[in-house]
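Visitor: The following comprises the amino acid sequence and a computationally predicted model.
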Amino acid sequence: MATNVEPLPVPIEQPYEFKTEFHPRSGRQTLYQRFEEFGITPETQALPAEQEPWRPFQSRADFEFSEIALDAALNKNQIDRLLNLMAQISQGQAKITLKNESDLRKAMDNAAAELTPFSKHEVKVPYKKEERVFEVHARPLWDWALDLLDNPLLAPHFVWDAQRVYKHDGTDFVRFFDEPWTGDRWWDIQSRLPQNLDAAPFCFILYADKTRLSSHGTVKGYPVVARCANLPVHIRNGEGIGGGRVVGWLPIVPEDASEEGKLGYTTMKRVVWHESFVKLLVNLDQFSKTGYSYSCYNKILRWLFPIILILSGDYEEQCMMSLIRGLQCKCPCPVCLVPLDELHDLSKTFPIRSAKDAQAALNVYKQNRTQGEEVLKGLGLRPVASVLWLVENSDPHEALSLDDLHTLHGGTGGVHLLGELKTILADLGRQAQDDLETQVSEFPRWRALTHFTTVIHITFSDGNKRRDLVKQAFYAALSVLKRQVSSEGYRLLHVIRSYLQLDSLIGLDVHTERTLEMIDAEFLVYDAALKDYVEYAMTKSSIEDIKTDWNFPKTHLWKHARRDIESKGVARNYSTRPNEKLHGPLKAAYLNQSNGKDVAKQILRVDHHKCAALLLRGRVDTLDKQHRLQALGGDDNALGDEDHVDHTNHNGHFKLGSPQSCAVTIQDIENRRGAQDTAFQGFRRKFSNFVNISLPTYGFHLTRWITIPVDFQIHEYRYLRLNYESTVNWKQSTDHLRSNPSFHGSLRFDCALIKLTAEKNVFVKIILMFQCNVPDVAGTFQLALVQPYTAGIPGGARRIDKDLRLNRVKAVPRGDSIFVPLKSFIRGAVLARDPEHRDEFLVVEHIDSDMFLRMKAWACQ
């Protein structure tokens with residue numbers, strides 16, 4: 001008998017977006033996760049916080065004072081005076097028991113006793129029948145690793161097993177690379193570890209480089225920095241206790257004019273480096289073969305095998321690490337065997353170096369010096385044994401990685417391409433130089449970009465600033481180095497354009513097979529553009545100083561970018577950028593907290609104290625968070641904005657800021673601003689049409705035509721924090737946008753990408769942001785008056801746009817400005833004005849990785 005009972009609805013299962021395959025040795029099943037689950041550390045039972053986590057300091061105030069003194073690099077006299085003053089004015093609100101700098105130093109020494117200290121060693125190296133002695137300070141790597149492993153705040157974050165991670169693209173799962181454990185090298189290493197143990201690699205990232213400590217550069221230091229690749233990037237590259245730490249201070253062989261350049265003296269420098277570096281590897285070589293039994297926080301007993309996964313350094317340092325002979329040797333690449341005269345040719349691929357081949361060549365040298373020297377010279381190697389060979393699965397040629405900071409931003413782009421630009425401008429004359437400087441100075445401000453007023457007279461060597469300058473100089477030069485004006489300049493623009501494409505591609509925080517193929521394809525474009533430029537320079541150019549020889553290592557080194565990404569994850573894993581940031585505190589310690597004698601000991605003591613302060617700070621913050629949770633009844637979601645910055649408005653997408661002191665009437669805005677700006681002419685009428693015609697298209701139901709009175713109130717805001725999902729790593733990113741007639745004394749009206757309709761995204765310029773309440777419609781509206789960049793380009797795309805792959809937009813007249821809801825904003829944008837064509841702008845796609853990928857999709861449309 002039929003019934004009228006309706007069947008229960010079948011729940012629709014949300015598809016899984018991420019897949020993680022773990023190494024077979026891990027014994028873990030493939031994991032499928034939804035978007036909100038991926039990348040989240042599994043919840044573990046929180047360890048009880050210490051009730052006096054500032055110990056061995058007598059009070060919290062003592063610790064926090066010491067922390068400030070370290071951060072400010074106060075010297076002994078300043079600390080004593082400050083504590084004396086605080087003691088006199090104290091009103092009992094905090095108990096500070098420190099009396100002088102000596103008390104502070106003793107307390108910090110006690111706190112630092114939990115961590116592995118530095119020890120000083122002597123390295124003796126024979127040279128010309130005498131023994132030269134050098135000092136090295138070392139904190140053994142494995143002892144430092146145990147400090148990390150023993151930290152309960154870090155314990156849940158360690159990743160042990162190699163992973164292959166995938167994201168569903170709507171059709172199939174596509175593999176991507178980001179963290180080091182997603183690369184093939186980790187997987188291959190874990191495959192070589194013993195099968196009968198729960199074996200996992202403990203992977204080190206090591207960096208070394210000389211740095212100037214004194215302002216005149218006469219005093220130098222040689223720090224070695226370690227990071228743990230098993231920790232996620234926000235911890236590993238962060239500034240907390242799980243971030244990079246100085247673990248060694250290598251000796252610098254003094255310059256000797258009578259010896260410099262001689263084979264024996266150069267070889268001796270390499271021997272000193274490797275004999276000194278071995279002091280960091282105490283027990284590391286042994287445990288890399290036998291493993292180290294360790295009980296992790298989840299009570300799983302693992303056999304950890306230390307691995308040097310990544311070596312990070314500039315070219316000079318990579319030569320030292322790999323023991324190649326350097327710039328002018330027969331094979332100057334530390335990774336492959338490219339001949340010196342083939343460095344410029346990125347279309348060719350050469351055999352990869354290996355430690356096995358280097359050891360074989362050195363054995364020939366030991367048996368027959370003459371024959372061995374020829375073999376070594378052919379490979380571009382020094383006759384020295386590498387200390388890195390002692391550590392299993394740590395081939396230095398595999399560990400060496402692309403250094404984008406020095407190779408690209410402080411090298412190919414920031415030095416050589418910018419140098420060529422200045423050479424060509426100098427040939428064109430003062431007017432061309434002035435025109436470029438004007439364009440650079442007028443380049444729109446953006447939070448993540450350094451702003452410049454000059455290109456011609458720059459004197460800094462900072463690779464970060466040069467990275468920004470190349471981007472801005474390219475757009476500034478488009479109206480100066482026109483095809484009809486300078487054949488060399490127009491060809492150079494092709495080279496710079498392709499360079500910027502590669503720089504943006506290589507710098508992505510997540511890579512897929514598609515983006516890796518884009519790198520391969522763009523290298524061919526760059527190679528062809530560079531060859532065309534060089535050929536013209538050699539055969540037709542009359543510019544005297546134009547560069548025709550591009551056979552130097554930095555031209556070639558980024559050739560290995562794809563191999564590095566597939567092997568060790570994305571570029572931020574091995575960039576020197578986070579390590580170079582540590583030079584600043586070391587210099588500050590020398591200048592402010594040392595007496596210029598026994599420098600290494602004093603600087604490393606300060607650094608050791610800072611490590612201890614970070615350790616205590618982590619504990620204090622944990623206690624504070626526990627107390628706040630207890631006060632909120634254990635509701636983690638109720639924590640304030642400092643813990644959950646996403647809570648900006650009803651949907652977390654945006655937040656208005658910088659409100660003006662009082663609301664103004666709509667008629668006052670029209671009268672006051674309309675006289676100078678056509679965008680505000682007919683403001684009330686346009687707003688009335690928006691409310692009655694456009695609001696219903698956004699889902700608001702109106703029962704009658706709403707009349708906007710002349711005293712309708714509008715509250716203006718001049719700042720917008722805009723959150724959006726990055727197309728690169730699918731995480732939240734934030735832009736900070738302004739519409740301010742006097743932001744630090746300058747006009748600042750930013751641009752944005754908005755969703756104009758369901759099918760159409762457009763660029764706009766923000767004119768006014770405001771909040772208001774509309775009669776008969778519930779709720780508060782956050783709106784913007786914007787100038788769309790939707791006018792057609794006369795004649796279609798211009799030739800320069802096709803040649804240089806530019807994205808051009810044109811603004812509608814200011815009088816045709818429109819109102820849009822702020823919720824329609826997608827993200828911020830930078831549009832560079834084209835001075836040759838009225839109201840036309842070029843989209844600057846290199847402001848960040850997200851905009852770069854969005855514009856790739858835009859171009860396809």
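Guide: Noted; the coordinates are in hand. Numbers count the residues shown, from 1 in each chain.
Visitor: which intervals of the stretch 751-861 of the chain have sub-threshold pLDDT?
Guide: Across the stretch 751-861 of the chain, the ranges flagged by pLDDT under 70 are 861.
Visitor: and the end-to-end length of stretch 177-191?
Guide: One end of stretch 177-191 sits 19 Å from the other (CA to CA, to the nearest Å).
Visitor: quick one: average pLDDT of that stretch?
Guide: The average pLDDT within stretch 177-191 is 98.
Visitor: now that stretch, how far from the centre of its chain.
Guide: Distance of stretch 177-191 from its chain centroid, counting by CA atoms, centre = their mean, to the nearest Å, is 21 Å.
Visitor: try stretch 100-115
Guide: On CA atoms, centre = their mean, the centre of stretch 100-115 falls 34 Å from that of its chain.
Visitor: Can you give me the buried ones in it?
Guide: By neighbour count with 16 or more other CB atoms under 10 Å, stretch 100-115 contains the buried residues 101, 103, 104, 105, 107, 108, 111, 112, 115. From N, CA and C alone the C-beta is placed, and that goes for glycine too.
Visitor: what about the strands in the stretch 201-350 of the chain?
Guide: Under the criterion DSSP state E, counting those that start in this stretch, the stretch 201-350 of the chain carries strands at the ranges 211-212, 220-221, 223-228, 245-249, 292-295, 301-312.
Visitor: closest to residue 744 out of the ones you listed?
Guide: Between residue 744 and the strands of the stretch 201-350 of the chain, the tightest spacing by CB to CB is seen for strand 211-212, at 32.0 Å.
Visitor: Show me what the closest one is packed against.
Guide: strand 220-221, helix 583-593 (3 or more CB pairs under 8 Å, 6 or more residues apart in numbering; DSSP states H and E).
Visitor: Roughly how far does the nearest residue to residue 608 once chain neighbours are set aside sit from residue 70?
Guide: Closest residue to residue 608 apart from its sequence neighbours, by CB to CB, 6 or more residues apart in numbering: residue 112 at 5.0 Å. Applying CB to CB, to the nearest Å, the value for residue 112 to residue 70 is 11 Å.
Visitor: Could you dump the buried residues of stretch 100-115 into a markdown table with secondary structure added?
Guide: Formatted as a markdown table, these follow (DSSP: H, G, I helix; E, B strand; the rest coil):
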| residue | secondary structure |
| --- | --- |
| 101 | helix |
| 103 | helix |
| 104 | helix |
| 105 | helix |
| 107 | helix |
| 108 | helix |
| 111 | helix |
| 112 | helix |
| 115 | coil |
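Visitor: The residues you listed: which two are farthest apart?
Guide: The span of these, defined through CB to CB, is set by 101 and 115 at 21.1 Å.
Visitor: For the spatially closest residue to residue 732 that is not a sequence neighbour, give the beta-bridge partners.
Guide: Closest residue in space to residue 732, ignoring its immediate chain neighbours: residue 723 at 5.5 Å, by CB to CB, 6+ apart. Counting by DSSP bridges, residue 723 forms beta bridges with residue 734.
Visitor: burial measure for residue 723, as a count.
Guide: Counted by other CB atoms under 10 Å, the residues lying close to residue 723 total 18.
Visitor: Only C-alpha atoms, please: export stretch 263-281 in PDB.
Guide: Coordinates of each C-alpha in stretch 263-281 appear next as PDB, following Å, rounded to 0.1, in the frame of the first residue of the first chain:
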ATOM      1  CA  LEU A 263      96.500  28.500  -5.200                       C
ATOM      2  CA  GLY A 264      97.900  27.400  -1.900                       C
ATOM      3  CA  TYR A 265      96.500  30.400   0.000                       C
ATOM      4  CA  THR A 266      93.100  30.000  -1.600                       C
ATOM      5  CA  THR A 267      93.100  26.300  -0.800                       C
ATOM      6  CA  MET A 268      94.100  27.000   2.800                       C
ATOM      7  CA  LYS A 269      91.000  29.200   3.200                       C
ATOM      8  CA  ARG A 270      88.800  26.300   2.100                       C
ATOM      9  CA  VAL A 271      90.500  24.000   4.500                       C
ATOM     10  CA  VAL A 272      90.000  26.400   7.400                       C
ATOM     11  CA  TRP A 273      86.300  26.700   6.600                       C
ATOM     12  CA  HIS A 274      85.700  22.900   6.500                       C
ATOM     13  CA  GLU A 275      87.900  22.100   9.500                       C
ATOM     14  CA  SER A 276      86.000  24.800  11.500                       C
ATOM     15  CA  PHE A 277      82.600  23.600  10.300                       C
ATOM     16  CA  VAL A 278      83.300  20.100  11.500                       C
ATOM     17  CA  LYS A 279      83.000  21.500  15.100                       C
ATOM     18  CA  LEU A 280      79.300  21.900  14.400                       C
ATOM     19  CA  LEU A 281      78.900  18.300  13.400                       C
END
